[in-house]
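Visitor: With the input below, show me the fold.
(one chain, ligands or ions: 1)
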Amino acid sequence: MKKKKTRKVRLPNVAIDGPSGAGKSTIAKLAAARLGLIYVDTGALYRTVGLYMLEHGVDPDDPAAVEATLPEVEISLSFEDGRQILALGGEEVGSRIRTEDASRYASAVSKIPAVREFLLDEQRSLADRGGVIMDGRDIGTVIMPDADVKIYYTAAASTRAERRYKEQREKGIEVTYEEVLAAIEARDKQDSEREIAPLRPADDAVIFESDDYTIEECVERVCGIITERTTKSEP
Ligand code: DC
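Guide: Predicted structure coming up:
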């Protein structure tokens, strides 16, 4: 009997990098759901390392202390209905990684080479499975240099500050626009001027400036870029 030929279809990998507060994760999550890909939030990994340091009184600006503590950090990552679940020592981190303190710790530890090395294998093995949309700062440049599609997703600092300011006011958090803008500019500077894996667009990335679009329009455009770049016309 003739055996049926089966062809394994490898799903594309998509890298989305960009500064904090541009809305990458919202758009990447929606685009992944629409295209049947898995959304991987790499910032959450750095946040989880930062959280461990925060909860154990380790100074995130002391690279030697952070490096010495890393072997204790037990992170596990799983997916449930497309949702990424991160646990520290077996306990889900949930929203504990989203506080202002956790953000500050994440940004500080992400500058330390040993931390980036510590998280490298986890991210590469996720890329190896194929079919992921991974967002972060160095995905197209370091983690998935061979990604099928690379998008540098950005917005002006003032646009990002306005969005975050609105969000925080809606949550009842007392902040001024100037404070939010200053925090965003400080984080941009830290992420793009650090020596290791600085935030920058990969040479082959499509630059997408999201300032003038609604969320729905951004998803539409990002899905359009991915589809266009992964659909090869048959000869
Ligand atoms: O995307 P985010 O705001 O959740 O990221 C948290 C911090 O982690 C941010 O300060 C930058 C850092 N980060 C990084 O250095 N590399 C990544 N691939 C993702 C995040």
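Visitor: Which parts of the chain are helices?
Guide: 24-35, 43-55, 63-69, 100-109, 113-129, 157-170, 177-193, 215-230 (DSSP state H).
Visitor: what's the offset of the shortest one from the middle of its chain?
Guide: Yep, that's helix 63-69 we're talking about. Distance, stretch centre to chain centre, for helix 63-69: 23 Å (CA atoms, centre = their mean, to the nearest Å).
Visitor: which other residues reach that helix?
Guide: 52-53, 56, 58-60, 109, 112, 114-115 (CB atoms under 8 Å, 6 or more residues apart in numbering). Backbone N, C-alpha and C define where each C-beta goes, glycine included.
Visitor: hmm, it touching the ligand?
Guide: No - using CB under 6 Å from any ligand atom, helix 63-69 stays clear of the ligand, coming no nearer than 13.6 Å.
Visitor: and that helix, what's its mean pLDDT?
Guide: Mean per-residue pLDDT for helix 63-69: 98.
Visitor: and what of the fourth one?
Guide: Averaging the model's pLDDT scores along helix 100-109 yields 91.
Visitor: packing partners for it?
Guide: Contacts defined by 3 or more CB pairs under 8 Å, 6 or more residues apart in numbering; DSSP states H and E place helix 100-109 against helix 43-55, helix 177-193.
Visitor: which one of those helices has the most crowded surroundings?
Guide: Most buried of the helices and strands packed on helix 100-109 by mean neighbour count (mean count of other CB atoms under 10 Å) is helix 43-55; its value is a mean of 22.
Visitor: With respect to Leu45, which of the contacts of helix 63-69 is nearest?
Guide: Val115 (9.4 Å; CB to CB).
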